[in-house]
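Colleague: Got a sequence here, can you build the structure:
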Amino acid sequence: MDDTRRAFLDDLLATPSPSGFETAVQRVWTDYVREFADRVETDAYGNAVAVHEGDPDAPTVAVTGHADEIGFIVRDVLDEGFLRIARIGGADRTVSKGQHVTVHAEEPVQGVIGQTAIHLRDGDDEYEDVAGQFVDIGAEDADEAREHVEVGDPVTFSTGARDLVGDRIAARGVDNRAGAWAAAEGLRRAAEDGVDAAVYAVSTVQEEVGLQGARMVGVDRDDVDAFVAVDVTHATDNPDVDRERRGPVELGAGPVIGRGSANHPVLVDLARDAAEAAGVEVQLQAAGTRTGTDADAFYTARGGTPALNVSIPNRYMHTPVEVIDTADLDAVADLLAAIGSAAGDADSTPDPFAVDV
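Modeller: You can find the predicted model right below:
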């Protein structure tokens, strides 16, 4: 990954974006895509769309990633000045205690999620639910706390991106600002290649709270022939994954193409052929019931729109230390551009990706 693309990724990862509070990260995303998109649009809730116009007679494909991350929200200020919190999305109660956090009030406020010292606990205490945890911002009482924060302020872990060995990085919120990066980069590479297909890049909001951005996003679905949703998936190659949960997905082995459920078989074949033509090594993953990504919202739109889930292998999902290989991420962007090129070569019929039955 070159320095410019890495700087964009770092900017995305450094910008807090808990679901419902994505404005700042969407500004980072739209500022980047304006350099090469023919047009950029946003809607009332902050979904962002960038467009490469392409040939008006060619099919149209939308490549998407959600910009929001999991987190917490202040739900109460206690008399002693501590803050009670609630989840935003699937925050994990087993990793939150003892962590530095930032309360995103009018001015950011630093705090910690309290963890009773091991000397004062009885044995192997159960992890209490997030609703029973608290943030300590150092306030002496509720009045002092309310001078700095208020109910409804979002909270995120304070960890930043760190380089590991080789091409690997660890960061909070890789799920799924990595996917938003890939959508933007896929569009840039498609535009640079001059693909015939019209390509929409979409950065959605509120995926972590029910795929809400994908349901409302302001893309003219009558003009979109296919959606490719990019998200992370579990790399199961680390030693603490139970043997029965181990799967075929490995970090550093390339993008993951989903099969089954929302994944349209014609799009699956097109993506695999495009990957082979572009020299991109891919992995396969089964989705027997649902993908758990924005693809599940896109494919039921407008009476059924072909969709595909392409994933980035990710270790330790929904923790402050998610790990990905940036070579995988670069390869996903290459794959998206190749899919755009292959879509441009598809038959320009009213339903270019229809299943032949």
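Colleague: Just say helix, strand or coil for Val25.
Modeller: helix (DSSP: H, G, I helix; E, B strand; the rest coil).
Colleague: Tell me, how many residues neighbour the closest residue to it other than its chain neighbours?
Modeller: Distance criterion Cβ to Cβ, 6 or more residues apart in numbering; nearest residue to Val25, sequence neighbours excluded, is Ser17 at 3.8 Å. Bear in mind the C-beta positions are built from the backbone N, C-alpha and C, glycine included. Per other Cβ atoms under 10 Å, the neighbour tally for Ser17 reads 30.
Colleague: again with Val74
Modeller: If we define neighbours as other Cβ under 10 Å, then Val74 has 23 of them.
Colleague: That one and Thr156: what is the separation?
Modeller: Val74 sits 12 Å away from Thr156, going by Cβ to Cβ, to the nearest Å.
Colleague: again with Val77
Modeller: 18 Å.
Colleague: Over to Gln26?
Modeller: 16 Å.
Colleague: try Gly213
Modeller: For Gly213, the distance to Thr156 - Cβ to Cβ - is 18 Å.
Colleague: that's a strand at Ser203, yeah?
Modeller: Yes. Looking at Ser203 with three-state DSSP, it is inside a strand.
Colleague: what pLDDT does it get?
Modeller: Listed pLDDT for Ser203 reads 98.
Colleague: what's near enough to touch it?
Modeller: Residues counted as contacts of Ser203 (Cβ atoms under 8 Å, 6 or more residues apart in numbering) are 26, 29-30, 47-49, 64-67, 180, 183-184.
Colleague: repeat that for 7 Å
Modeller: Contacts for Ser203 (Cβ atoms under 7 Å, 6 or more residues apart in numbering) come out as 26, 29, 48, 65, 67, 180, 183.
Colleague: Next step: these restricted to strands.
Modeller: 48, 65 (DSSP state E).
Colleague: quick one: which of the contacts of Ser203 is nearest Gly288?
Modeller: The nearest member of those to Gly288, counting by Cβ to Cβ, is Gly65 at 23.4 Å.
Colleague: Report the backbone C-alpha coordinates of the helix or strand containing Arg5 in PDB.
Modeller: Using DSSP states H and E, Arg5 falls within helix 3-14. Provided in PDB are the C-alpha atoms of helix 3-14 (Å, rounded to 0.1, in the frame of the first residue of the first chain):
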ATOM      1  CA  ASP A   3       1.900   6.300   1.300                       C
ATOM      2  CA  THR A   4      -1.100   8.200   0.000                       C
ATOM      3  CA  ARG A   5      -3.500   5.200   0.400                       C
ATOM      4  CA  ARG A   6      -2.100   4.400   3.800                       C
ATOM      5  CA  ALA A   7      -2.600   8.000   4.900                       C
ATOM      6  CA  PHE A   8      -6.300   7.800   3.900                       C
ATOM      7  CA  LEU A   9      -6.700   4.500   5.800                       C
ATOM      8  CA  ASP A  10      -5.000   6.100   8.900                       C
ATOM      9  CA  ASP A  11      -7.300   9.100   8.700                       C
ATOM     10  CA  LEU A  12     -10.400   6.900   8.600                       C
ATOM     11  CA  LEU A  13      -9.200   4.700  11.500                       C
ATOM     12  CA  ALA A  14      -8.300   7.800  13.600                       C
END
